[in-house]
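>>> build me a model:
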Amino acid sequence: MKAFRPSARLFLSLISLLLALPLVPTPASAQSHVLTLADAVRLALRKSPVLQAASSGLDAARGREGQAMSGWLPTVVGVASYNRQTGNYTPRPGATPTTVTSGTLSNSNTSYDVFNFGLSLQQTVWDFGRTLGQHRRARAGVDAARSDLADVRLAVAGLVVQQYYAVLATEDLVGVALRTAEQAERSAAQAKAMFEAGTRPRIDVARTEADSQGAKAGVLAAHDARAVALESLLASIGDPTIVDVAVIAPSDDPARTVVPEDLEGAVREALSRRPDRAALDARIQAQEAAVGALTGNYWPILSANASVTDAGVELDNLAWNWGVGALVTVPILSAVNSSFQVQEAKAVLAQLRSQRDALDMGTRAEVRQTVARLSDALARLTPLGAQVVAATEARDLARGRYEAGAGNSVELLDAQSALANAEAGLVRARFDLAVARVGLEVALGRMPLGIGAEEAR
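Numbers count the residues shown, from 1 in each chain. Down below sits the predicted model:
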């Protein structure tokens, strides 16, 4: 699964979506049923095609383990043959002459039935670690595939949670756009009435009307943004039967998030829990076993064999034979090829170990960065909330001054725009906090929402 870990690109794209809608977003249409965050994650963990592909990869790894285990079993071959052939004697160089064979050679078209039944068995006794290494490699491959599956589960769950919060954020921005449009329409109507009464100039009507039309366009754009976010969420879940749903804010409050103070402890937890590192550890073990198996190619193979046959020209008159033996296969000219195979395997092992070191460094940086983002997002909530309160008061004062004739339309429109931007900024801050929180959980190797392995199936 590196492919599916929540990436910086996803964070940036979602944030860009929200930043592009300062005064926009719209009301979601009536939905047929509610999809909670926990249900969305559980559905994705059961339905996502990405997870199904990773699960198939685990099944394939188990199949390879079974193939490697078969190396411990003996090879048994059964043979049954029938031939119709002539019985003319053909002398061979070096054969001992006899009274039967030293005479005139016979050439006849007379043919005979020849039946042959046999059973042979061969068992490798010791191959200096070839079979053992292959089995260990396959078993470690199963561990790696299992960790890959866990990594994909973690990535899918994290992505679904982020997209769910993105939908909630666009819905909140829809509310901001609707309130902005309502205020703008009210100001336009008021300016028109005051112009008709002769208390305001025509320019106020033009300004407020332009602002009202812009706010209406923002509402339409907000609807589109909400629809796009919802479709992205449903696509990440991977169930085509889920359509026309409503999302609701989780009961837990992201503002109550506790920022980890022990960064080194958080890094240690991430290194011990993250499935991508566990998968890399398993691949290193598999490659170590591969090196051992290839090293065994320098040495002979000791095997035992046994056979039994039953043959003759008549089915009711066959002659049987049996035999047992031992075989030592000594590689002589294959040592050069084996040395290069071992060299390649050791180079791959060194590469995997370097990748693990790089992953550890990246994990350390990722944990520290997510903690910093979480702390920053949490700290921004209080001043942004105060900004909304202040902007609301300023808007009310500007409206009162405008109605009393003491203020102008520019002052009123600026106050309305400042309030809309403040509300949108608070929505984005809450979204940033939610994303940072799930980002930290994923970075630490924790399943979002505390969903365990059993629930994830």
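
>>> please count neighbours and contacts with C-alpha atoms only from this point.
Fine.

>>> what's around the residue lying closest to Q85 once chain neighbours are set aside, how many residues?
The shortest distance from Q85 to any residue other than its chain neighbours is 5.0 Å, reached at S111 (CA to CA, 6 or more residues apart in numbering). Using other CA atoms under 10 Å, S111 has 12 neighbouring residues.

>>> which residues touch stretch 386-404?
The set of residues external to stretch 386-404 that reach it, using CA atoms under 8 Å, 6 or more residues apart in numbering, is G407, N408, S409, E411, L412, A415, Q416, A418, L419, A422, E423, L426.

>>> rewinding a little: my read is that the residue nearest to Q85 contacts V313, right?
No - checked against CA atoms under 8 Å, the pair S111 and V313 is beyond contact range at 10.4 Å.

>>> what about the helices in the stretch 201-350 of the chain?
Ranges of helices in the stretch 201-350 of the chain, per DSSP state H, counting those that start in this stretch, are 202-237, 263-273, 275-295, 335-404.

>>> name the spans of the stretch 201-350 of the chain whose pLDDT lies under the cut-off.
Applying pLDDT under 70 to the stretch 201-350 of the chain flags the ranges 252-255.

>>> hang on, the earlier thing: need the helices of the stretch 201-350 of the chain in JSON lines with mean neighbour count, can you?
Output for the helices of the stretch 201-350 of the chain, formatted as JSON lines (neighbours: other CA atoms under 10 Å):
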{"stretch": "helix 202-237", "mean neighbour count": "20"}
{"stretch": "helix 263-273", "mean neighbour count": "16"}
{"stretch": "helix 275-295", "mean neighbour count": "23"}
{"stretch": "helix 335-404", "mean neighbour count": "17"}
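
>>> out of those helices, which is closest to G175?
Proximity to G175 (CA to CA) singles out helix 202-237 among these, at 9.0 Å.

>>> if we can go back for a sec, can I get the helices of the stretch 201-350 of the chain in TSV with distance to V328?
Listed next are these as TSV, based on distance: least, CA to CA, whole Å:
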stretch	distance to V328
helix 202-237	58
helix 263-273	46
helix 275-295	18
helix 335-404	16
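
>>> and of these, who's closest to V142?
helix 275-295 (8.4 Å).

>>> coming back round to it: where does the residue nearest to Q85 sit relative to A306, distance-wise?
Plainly put, S111 is 32 Å away from A306 if you go by CA to CA, to the nearest Å.

>>> also H135?
Distance, H135 to A306, by CA to CA: 26 Å.

>>> also V324?
Separation of V324 from A306 (CA to CA): 4 Å.

>>> show me which of these two is the more surrounded one.
Neighbour comparison, V324 and A306: the larger count goes to A306, with 15 against 12 (by other CA under 10 Å).

>>> that one reaches Q123, doesn't it?
No - using CA under 8 Å as the test, A306 is too far from Q123 to be in contact (9.0 Å).

>>> just how off-centre is stretch 316-323 within its chain?
Counting by CA atoms, centre = their mean, to the nearest Å, stretch 316-323 is centred 61 Å from the centre of its parent chain.

>>> dump it to CSV, restricted to CA.
C-alpha atoms of stretch 316-323 as CSV (Å, rounded to 0.1, in the frame of the first residue of the first chain):
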residue,chain,number,x,y,z
ASP,A,316,-1.4,-61.9,-15.7
ASN,A,317,2.3,-62.7,-15.8
LEU,A,318,4.3,-59.7,-14.8
ALA,A,319,7.7,-59.6,-13.1
TRP,A,320,8.3,-57.1,-10.3
ASN,A,321,11.5,-55.5,-9.1
TRP,A,322,12.4,-53.0,-6.5
GLY,A,323,15.3,-50.8,-5.6
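
>>> which residues sit against that stretch?
Applying CA under 8 Å, 6+ apart, the contact partners of stretch 316-323 are A306, S307, V308, T309, D310, A311, G312.

>>> mind listing the strands for the stretch 51-200 of the chain?
Assigned by DSSP state E, counting those that start in this stretch, the stretch 51-200 of the chain shows strands spanning 75-86, 111-126.

>>> adding distance to P201 and mean pLDDT, write those out as JSON lines.
Listed next are those as JSON lines, based on distance: least, CA to CA, whole Å; pLDDT from 0 to 100:
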{"stretch": "strand 75-86", "distance to P201": "101", "mean pLDDT": "93"}
{"stretch": "strand 111-126", "distance to P201": "102", "mean pLDDT": "92"}
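
>>> so which of these is the most packed in?
Scoring the strands of the stretch 51-200 of the chain by mean neighbour count under mean count of other CA atoms under 10 Å gives strand 111-126 as the most buried, with a mean of 16.

>>> next, the angle from it to strand 75-86.
Angle, strand 111-126 to strand 75-86, by axes from the mean of the first three to the mean of the last three CA atoms, to 10 degrees: 160 degrees.

>>> what does strand 111-126 rub up against?
Under CA under 8 Å, 6+ apart, the answer for strand 111-126 is 72-87, 301-315.

>>> what's the spacing between the residue minimising distance to the centre of the chain and D376?
Central residue of the chain (CA atoms, centre = their mean): V152, 2.8 Å from the mean position. The gap separating V152 from D376 is 28 Å, by CA to CA.

>>> same question, A279
Distance of A279 to D376, given as CA to CA: 32 Å.

>>> again with G325
Distance from G325 to D376, counting by CA to CA: 76 Å.

>>> sorry, back to before: any of the contacts of stretch 316-323 buried? List them.
Those of the contacts of stretch 316-323 that meet the buried threshold are S307, T309, D310, A311, G312, by 16 or more other CA atoms under 10 Å.

>>> and the second one, what does it touch?
Listed by CA under 8 Å, 6+ apart, the contact set of T309 reads N116, F117, G118, L119, W320, N321, W322.

>>> before we move on, what about the first one?
Taking CA under 8 Å, 6+ apart as the contact definition, S307 lies against G118, L119, S120, L121, W322, G323, V324.

>>> now do the fourth one
In this structure, A311 makes contact with V114, F115, N116, F117, L318, A319, W320, judged by CA under 8 Å, 6+ apart.

>>> do G407 as well
Applying CA under 8 Å, 6+ apart, the residues near G407 are A398, R401.

>>> that one should be in a strand, yeah?
No - using DSSP: H, G, I helix; E, B strand; the rest coil, the assignment for G407 is coil, not a strand.

>>> measure it to M194 for me?
Relative to M194, and taking CA to CA, G407 is found at 13 Å.
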